Each structure stands twice: as C-alpha cells, then as structure tokens.
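[1] let's see this in three dimensions:
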Amino acid sequence: MIFFNRIVNAIIIRKKIETLDYLRAMSENQLIDGGYSPALINQGISAWPWREDHQSEKLSKSEWLIAEEQLCVNELERLTDSELTDLGLSRSSIRQSVRLGLPGINKNAAHRAA
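    Below you'll find the model as predicted:
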C-alpha cells in the first residue's frame with residue numbers, strides 16, 4: 001500500500017508540474033481571467049492550486065477557457081497547409097497562436113468591433 005501511495009503522489013506531483021508549465025505559458029490577463037493568481041503561480045507548486053480563496057468560483061470559467069482553446073486548436077488542425085499559410089500560421093505554431101495570438105493582431109479588436 002505504501003508503494004502504491006508513493007506512485008499516486010508522484011503522478012499528482014507530475015501533473016501539478018505540467019499544469020504549472022501550462023499556466024506559465026499564459027499571459028497575466030489570461031491567468032486573471034481564468035481565476036489564477038500570477039503571484040501564486042510564480043511561487044511554484046507549493047502554492048497550488050494557485051488561486052486566492054475568492055477565486056474558487058471561477059473554476060468553471062477556467063475549465064471553459066481550456067476547452068475553448070482546445071476546440072480552436074482542433075479546428076485549425078483540420079485546415080490544409082495552404083489554408084494555414086493564408087492565415088499566417090504553420091502547423092507547428094497552431095497551439096501557441098491560439099494561446100498567445102499572432103504578432104501585430106490586437107486580441108481585443110474583435111471585442112471592440114462587435
């Protein structure tokens with residue numbers, strides 16, 4: 001049983017590290033919108049779950065943002081290389097472009113235009 005618990009704990013720590021790496025790739029605004037504290041993320045795994053107490057109600061929004069990002073990635077991955085080139089993307093830059101946007105394009109422009 002002790003061996004099993006060590007394996008489970010090792011898996012949990014690894015998943016926390018993966019999540020922390022994922023969160024560190026986001027901009028500060030994305031973190032705040034997702035309900036995460038940039039200051040706690042900078043503290044590392046010891047500050048898990050990287051949220052202030054009053055931010056716990058935003059969990060569903062964070063989950064929604066991650067799901068929306070994956071849907072966008074999936075949609076772009078279905079495009080041909082020619083279509084991606086027309087958009088200024090390469091196949092290898094899809095995930096980064098969805099997460100961080102493209103240089104020279106204001107991410108808030110669509111919100112203001114709508």
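
[2] now stretch 101-114: mean pLDDT?
    For stretch 101-114, mean pLDDT rounds to 56.

[3] cool, stretch 73-87 as well?
    The average pLDDT within stretch 73-87 is 89.

[4] for S90, give me its contacts.
    By CB atoms under 8 Å, 6 or more residues apart in numbering, the contact set of S90 is L84. (Glycine included, C-beta is placed from N, CA and C.)

[5] measure it to S27 for me?
    When distance is defined by CB to CB, to the nearest Å, S90 is 21 Å away from S27.

[6] can you give me the helices for this protein?
    2-24, 28-33, 38-43, 59-77, 81-86, 94-100, 109-113 (DSSP state H).

[7] of all these, which one is nearest W50?
    Taking CB to CB, helix 38-43 is the member of the helices of the chain nearest to W50, at 4.4 Å.

[8] what's the least confident stretch among the helices of the chain?
    helix 109-113 (a mean of 48).

[9] which parts of stretch 61-73 are buried?
    62, 65, 73 (16 or more other CB atoms under 10 Å).

[10] likewise stretch 8-22?
    Quick answer for stretch 8-22 (16+ other CB under 10 Å): 16, 20.

[11] check stretch 29-47 too.
    Going by neighbour count (16+ other CB under 10 Å), the buried part of stretch 29-47 is 30-31, 34-38, 40-41.

[12] so how far does it reach from one end to the other?
    19 Å (CA to CA, to the nearest Å).

[13] what about the nearest residue in space to S27 that is not next to it in sequence, neighbour count?
    Counting by CB to CB, 6 or more residues apart in numbering, S27 lies nearest to L100, which is 7.0 Å off, once chain neighbours are set aside. L100 has 14 neighbouring residues, counting by other CB atoms under 10 Å.

[14] doesn't S93 make contact with L100?
    No - L100 is not in contact with S93 according to CB atoms under 8 Å; the separation is 9.7 Å.
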